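Participant: no sequence for this one, just the structure:
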């Protein structure tokens, strides 16, 4: 079964908060883990990409992959109102193949 | 920042008509994809294309759909006879093969409305 579960939220936080977004998946064959940000009626924008497992940091964003638990996370530090968007996790099995998307979590950061 | 470019941004068509959605992938990318997103639902994979042929397709990608790379830069999705349920955002994406810079990049999408 190739499913990805993501809590759709909505999630509302004050400016400056640390945000934690999560997805779980069922198929241990997945190796490619992405986080995308999507604004209304726009295309997904790639934020973070991790191959296999471990952590990756880029500015205020940290992506974590725990393959033993089949669990991936995106942390946003010092959240800003401009971070308000829908965040999508997407997972792939092999290079050049389909990504399976979560439903997306809608985040609202208030100033 | 390299971009995936899609045209048109919005297309309205009558049921039963053929539509062609166009994409210009990132120039050094090797894999090309089409996805769709019905309003309020998940992004769903349609098809992937590599080395001038379909490498993978989903159950959604039936005989009504086809893809083509007519020249060195464009990648198209054709829907032969549109149905009301084809109304959705259609996203083109492209990627390199693998490695640290997978770069799986999406375009801004074409909003298809079938009336």
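Facilitator: Thanks, I have it. Just so you know, these numbers come straight off a predicted model, no measurement behind them.
Participant: Can you read off the pLDDT for the most centrally placed residue in chain B?
Facilitator: Centrality entry for chain B: nearest residue to the mean C-alpha point is residue B:34, 2.9 Å, by CA atoms, centre = their mean. pLDDT, residue B:34: 98.
Participant: now swap in residue A:34 and tell me
Facilitator: Reported pLDDT for residue A:34: 94.
Participant: Kindly confirm my reading that it forms part of a strand.
Facilitator: Yes. Secondary structure of residue A:34 (DSSP: H, G, I helix; E, B strand; the rest coil): part of a strand.
Participant: how many neighbours does it have?
Facilitator: Residues contacting residue A:34 under the criterion other CB atoms under 10 Å in any protein chain shown number 22. Backbone N, C-alpha and C define where each C-beta goes, glycine included.
Participant: And the residue nearest to the centre of chain B, its phi and psi?
Facilitator: The phi and psi values for residue B:34, taken as degrees, to the nearest 10, are phi -120, psi 140.
Participant: Skip the chain neighbours and tell me the closest residue to it.
Facilitator: Excluding the flanking residues, the one nearest residue B:34 by CB to CB, 6 or more residues apart in numbering or on different chains is residue B:46, at 4.3 Å.
Participant: residues touching that neighbour, list them.
Facilitator: Each residue near residue B:46 by CB atoms under 8 Å, 6 or more residues apart in numbering or on different chains is listed here: B:33, B:34, B:35, B:36, B:57, B:58, B:60, B:61, B:65, B:77.
Participant: would you list those in CSV and tack on distance to residue B:12?
Facilitator: Formatted as CSV, the contacts of residue B:46 follow (distance: CB to CB, whole Å):
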residue, distance to residue B:12
B:33, 24
B:34, 19
B:35, 21
B:36, 16
B:57, 26
B:58, 25
B:60, 21
B:61, 23
B:65, 19
B:77, 17
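Participant: Please check those and keep the buried ones.
Facilitator: Taking 16 or more other CB atoms under 10 Å in any protein chain shown as the criterion, what is buried in these is B:33, B:34, B:35, B:36, B:57, B:58, B:61, B:65, B:77.
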